[in-house]
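J.: Can you look at this prediction? I've put the sequence above it.
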Amino acid sequence: MNQHISPLSRAQDIVSEQLINAEADSVPEPRAPIFASRAAQIVTGLSLVLIAFNLRPVFSSASALLPEIIEQTGLSSFGAGVLTTLPVVCLGVFAPLAPKLAQRIGAERTLLGVLLLLALGTALRGFGSLPLLFLGTALAGACIATGNVLLPGLVKRDFASRTGMMTGLYTMALCAGAASAAGFTLPLQRMLSGSWSLALGAWALPAVLVALIWFPHALFRKVRTKHAGFKVEGLWRDRLAWQVTLFMGLQSALAYCVFGWLSPILRHRGLDGVTAGVVVSVSVMAQVFACLLVPSIAVRCKDQRLINVALVTLAVAGLLGFLFAPLSTVWLWAVIQGLGQGGLIAVAMTIIVLRSGDSHVASHLSGMAQCIGYMLAAVGPLLVGLIHSVTGGYGTTAILFVLLGLGVAIFGWGAGRATHVKARTIQIQRISA
């Protein structure tokens with residue numbers, strides 16, 4: 001074995017290959033399939049990137065039109081907070097179901113179902129009915145949770161020699177989907193005679209188109225039904241595991257405050273809707289740069305404590321700049337906040353691997369951090385809505401952002417220590433019919 005592999009390469013290999021493998025519980029998979037042609041491989045790769053693009057518009061499209069939704073439906077600010085929180089809750093609730101579905105019917109067919117139900121949920125938001133708006137949002141959130149879990153494993157399995165490139169492409173597609181919905185939803189609403197519901201429902205069309213492209217791949221993929229499994233003990237009693245989980249959850253709370261409320265905050269301060277959407281897009285795209293840069297820095301450091309504190313300082317400073325700095329400086333704060341927030345997301349995922357003694361612990365720690373973390377993250381946008389409902393403004397949310405930032409710094413300092421969680425892996429054998 002080559003003894004000169006860099007720490008960065010080892011960490012990236014573990015993240016992409018072992019962290020999330022939905023069709024088997026962290027057992028060695030067969031070699032990546034040989035595609036019948038170069039064209040088939042390109043179509044598969046493009047499909048995965050397009051699927052990733054569709055996993056974020058649900059969040060930022062509603063945020064862009066939140067003032068219109070409130071005005072035209074009479075929805076309270078607290079109700080708006082619930083609306084922005086609902087898909088985040090679904091990320092935590094439904095993520096653990098994704099591996100079970102993939103093991104039963106295959107990851108490709110599960111993703112096809114995700115696309116179809118995501119299109120249905122998004123389309124339900126287009127009927128102008130508040131109950132259907134909430135129902136469609138919840139359905140879409142459940143689909144996004146499943147897609148989040150399945151994509152990394154498919155990328156590693158089908159593009160083993162190009163994992164880094166494909167991971168970068170689908171990560172950028174995630175951000176591009178969020179940025180596109182933030183920037184184009186309001187212009188789309190104006191094109192559709194001012195209908196906020198049609199503008200939200202229109203984002204179902206890309207999901208339908210990608211489902212049509214993905215259908216042949218899902219139909220002809222053979223499903224594996226026999227697999228071994230591993231049981232990890234002691235994880236939920238480990239202090240470091242909880243520090244990692246709370247670090248993940250609180251930084252996610254800041255992230256979804258941005259997705260859910262940044263556009264309404266900027267519009268409340270006096271920016272027009274289109275400009276506010278573009279500012280959000282710039283902030284999200286700045287996250288892409290940080291996501292690509294920060295992991296390579298983090299794995300080369302002795303520990304990640306100072307990096308975690310520095311990144312949360314940038315993220316919170318950006319949010320405070322949005323709230324109080326002159327509007328002429330809003331583009332600077334968009335870049336600062338995006339770099340901090342994107343860096344936090346990237347380092348949180350990297351820390352899951354670095355704090356794990358083996359790949360099986362990493363897989364289960366990832367499940368714990370994302371399940372509990374996303375449930376905790378849902379509190380952020382809900383509290384922003386509650387604060388706005390009580391005060392009629394957004395200035396007081398600065399207290400919330402600072403408190404969340406302090407929590408991220410405290411648990412990030414603990415999670416950044418160069419040690420491993422005290423959990424052990426026990427192999428079990430099981431065969432499905």
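T.: Right, received. Where do you want to start?
J.: Going by C-alpha atoms from here, please, whenever you check contacts or count neighbours.
T.: Fine.
J.: give me the element the closest residue to residue 166 other than its chain neighbours is part of.
T.: For residue 166, ignoring the flanking residues on the chain, the nearest one in space by C-alpha to C-alpha, 6 or more residues apart in numbering is residue 155 at 6.6 Å. With the criterion set as DSSP states H and E, the secondary-structure element containing residue 155 is helix 130-158.
J.: buried set for that helix?
T.: Using 16 or more other C-alpha atoms under 10 Å as the test for burial, helix 130-158 gives 130, 132-158.
J.: What's the first helix or strand after that helix?
T.: helix 163-191.
J.: what's the model's confidence in that next one, averaged?
T.: Per-region confidence: helix 163-191 scores 83 on mean pLDDT.
J.: Which neighbouring elements make contact with that helix?
T.: helix 38-53, helix 57-64, helix 130-158, helix 196-201, helix 273-298 (3 or more C-alpha pairs under 8 Å, 6 or more residues apart in numbering; DSSP states H and E).
J.: still on that earlier bit, isn't the residue nearest to residue 166 right next to residue 169, touching?
T.: No: contact criterion C-alpha atoms under 8 Å: residue 155 and residue 169 do not qualify, at 10.4 Å.
J.: doesn't residue 379 make contact with residue 257?
T.: No: the pair formed by residue 257 and residue 379 falls short of the contact definition of C-alpha under 8 Å, at 9.3 Å.
J.: Need the pLDDT of the most centrally placed residue in the chain.
T.: To find the centre residue of the chain, average its C-alpha atoms and take the closest one (C-alpha atoms, centre = their mean): that gives residue 148, at 6.8 Å. pLDDT, the model's per-residue confidence, is 82 for residue 148.
J.: tell me the contacts of it?
T.: When contacts are counted by C-alpha atoms under 8 Å, 6 or more residues apart in numbering, residue 148 touches 55, 95.
J.: any idea how far it is from residue 46?
T.: As judged by C-alpha to C-alpha, to the nearest Å, residue 148 and residue 46 stand 17 Å apart.
J.: Can you give me the distance of the closest residue to residue 418 other than its chain neighbours to residue 355?
T.: Here the nearest residue to residue 418 in space, its sequence neighbours aside, is residue 303; by C-alpha to C-alpha, 6+ apart that works out to 5.1 Å. With distances defined as C-alpha to C-alpha, the gap from residue 303 to residue 355 amounts to 10 Å.
J.: So for those two, which sits in the more crowded spot?
T.: When residue 303 and residue 355 are compared on other C-alpha atoms under 10 Å, the one with more neighbours turns out to be residue 355, at 22 against 18.
J.: Return the backbone torsion pair for the more buried one.
T.: Per-residue torsions, residue 355: phi -90, psi 0 (degrees, to the nearest 10).
J.: In this structure it contacts residue 423, no?
T.: No: Residue 355 sits out of contact with residue 423 when judged by C-alpha under 8 Å, with a separation of 10.7 Å.
J.: returning to that earlier point: distance check, the residue nearest to the centre of the chain against residue 267.
T.: As defined by C-alpha to C-alpha, residue 148 lies at a distance of 30 Å from residue 267.
J.: If you count contacts, what does the helix or strand that contains residue 218 end up packed against?
T.: Applying DSSP H and E as the criterion places residue 218 in helix 204-220. Of the remaining helices and strands, those touching helix 204-220 by 3+ C-alpha pairs under 8 Å, 6+ apart are helix 38-53, helix 107-124.
J.: Compare those helices and report which one is nearest to residue 383.
T.: Among the helices and strands packed on helix 204-220, the nearest to residue 383 by C-alpha to C-alpha is helix 107-124 (24.6 Å).
J.: What about the closest residue to residue 426 other than its chain neighbours, how many residues nearby?
T.: Take residue 426 and drop its neighbours on the chain: the residue closest to it by C-alpha to C-alpha, 6+ apart is residue 231, 5.0 Å away. When neighbours are defined as other C-alpha under 10 Å, residue 231 has 13 of them.
J.: can you confirm residue 231 is in a strand?
T.: Yes: Residue 231 sits within a strand when classified using DSSP: H, G, I helix; E, B strand; the rest coil.
J.: Tell me where the model's unsure across this structure.
T.: Low-confidence segments of the chain, defined by pLDDT under 70, are located at 1-37, 156, 160, 163-164, 167-168, 221-230, 359, 363, 428-433.
J.: Kindly list the longest helix within it.
T.: The residue-count maximum for a helix in the chain (DSSP state H) belongs to helix 239-269.
J.: Distance from it to the middle of the chain?
T.: Taking C-alpha atoms, centre = their mean, to the nearest Å, one finds the center of helix 239-269 at 11 Å from the center of the full chain.
J.: Counting neighbours, which bits of it end up buried?
T.: Neighbour-count burial for helix 239-269 [16+ other C-alpha under 10 Å]: 240-269.
J.: can I get the CA coordinates of stretch 174-187 in PDB?
T.: Extracted C-alpha coordinates of stretch 174-187, given in PDB (Å, rounded to 0.1, in the frame of the first residue of the first chain):
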ATOM      1  CA  LEU A 174     -26.700  22.300  -5.000                       C
ATOM      2  CA  CYS A 175     -25.600  25.900  -4.500                       C
ATOM      3  CA  ALA A 176     -26.600  26.800  -8.100                       C
ATOM      4  CA  GLY A 177     -30.100  25.500  -7.400                       C
ATOM      5  CA  ALA A 178     -30.500  27.600  -4.300                       C
ATOM      6  CA  ALA A 179     -29.000  30.700  -6.000                       C
ATOM      7  CA  SER A 180     -31.200  30.300  -9.100                       C
ATOM      8  CA  ALA A 181     -34.400  30.100  -7.100                       C
ATOM      9  CA  ALA A 182     -33.300  33.100  -5.000                       C
ATOM     10  CA  GLY A 183     -32.500  35.200  -8.000                       C
ATOM     11  CA  PHE A 184     -35.200  34.200 -10.500                       C
ATOM     12  CA  THR A 185     -38.300  33.400  -8.500                       C
ATOM     13  CA  LEU A 186     -39.400  37.000  -8.200                       C
ATOM     14  CA  PRO A 187     -38.900  37.900 -11.900                       C
END
